[in-house]
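Asker: Let's see this in three dimensions:
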Amino acid sequence: MLVNEGEFGLRKFFFFSAAVLCLFFSLLAEEDDSLKVRASIDPKRLSRGEEGKITLRLKLKEGMAINPQPSFIIEFEPSEEIVFPKNFFTASDLQISTVEENGEEYLNLEEPIEIPFSVNLNAKRGNHVLKGQVKYFACCKVEGWCLKSRTSFSASFYTRSSVVKKKK
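Answerer: Below is the predicted model:
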């Protein structure tokens with residue numbers, strides 16, 4: 001059976017459209033509500049060259065736990081204002097302890113996570129938003145299933161035009 005060129009082009013278009021929609025919905029489905037993240041920056045007003053920290057408070061949905069394997073990762077979107085010592089942080093980088101429950105090991109997320117940073121000497125004065133995400137492997141302890149997921153977060157801060165000189 002011969003297929004004319006117009007019909008073949010239409011099939012390619014529908015196939016491509018369906019593939020794009022599947023990809024879009026799979027990306028939306030990856031972020032779930034198993035983990036809520038509240039982020040804050042201290043101090044809220046920073047000078048160029050000053051050091052600060054971002055604090056993440058993680059709240060798990062009832063009956064859920066975070067498996068330490070595969071890796072628990074916190075990563076930040078690139079920012080011209082803030083400089084981190086590395087691009088991403090794992091549970092071991094952050095020295096997050098584990099707890100054992102019914103022979104299974106989970107991350108202990110009771111304590112806030114603090115990550116230090118410094119303000120770029122060329123940071124623009126004004127209000128800014130630092131964005132990031134936590135990638136994790138959530139497990140439902142009651143139903144016995146696990147899901148690789150991620151949760152986004154953001155925190156606002158202000159940079160001054162003044163410069164903090166480093167102590168020697």
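
Asker: buried sites along the host helix or strand of residue 89?
Answerer: According to DSSP states H and E, residue 89 maps onto strand 88-90. Residues of strand 88-90 classed as buried: residue 89 (neighbour count, 16 or more other CB atoms under 10 Å). Placement of C-beta: from N, CA and C, glycine included.

Asker: That one - contacts with which helices or strands?
Answerer: strand 73-76 (3 or more CB pairs under 8 Å, 6 or more residues apart in numbering; DSSP states H and E).

Asker: which residue ranges form the strands in this protein?
Answerer: 35-42, 45-48, 51-60, 64-67, 73-76, 82-83, 88-90, 98-101, 104-107, 113-119, 126-140, 145-163 (DSSP state E).

Asker: Most tightly packed of these?
Answerer: Each of the strands of the chain was scored by mean neighbour count; the highest is strand 64-67, a mean of 20, by mean count of other CB atoms under 10 Å.

Asker: Domains of this structure: list them as residue ranges, please.
Answerer: The chain breaks down into these domains under automatic domain parsing: 1-30, 32-163.

Asker: Now do the contacts for the residue nearest the centre of the chain.
Answerer: Nearest to the geometric centre of the chain sits residue 133, at 0.9 Å (CA atoms, centre = their mean). Contacts for residue 133 (CB atoms under 8 Å, 6 or more residues apart in numbering) come out as 74, 75, 150, 151, 152, 153.

Asker: In this protein, where is pLDDT below threshold?
Answerer: 1-32, 166-168 (pLDDT under 70).

Asker: Mind doing that once more with 50?
Answerer: For the chain, the stretches flagged by pLDDT under 50 are 1, 13-30.

Asker: Many thanks, I have nothing further to ask.
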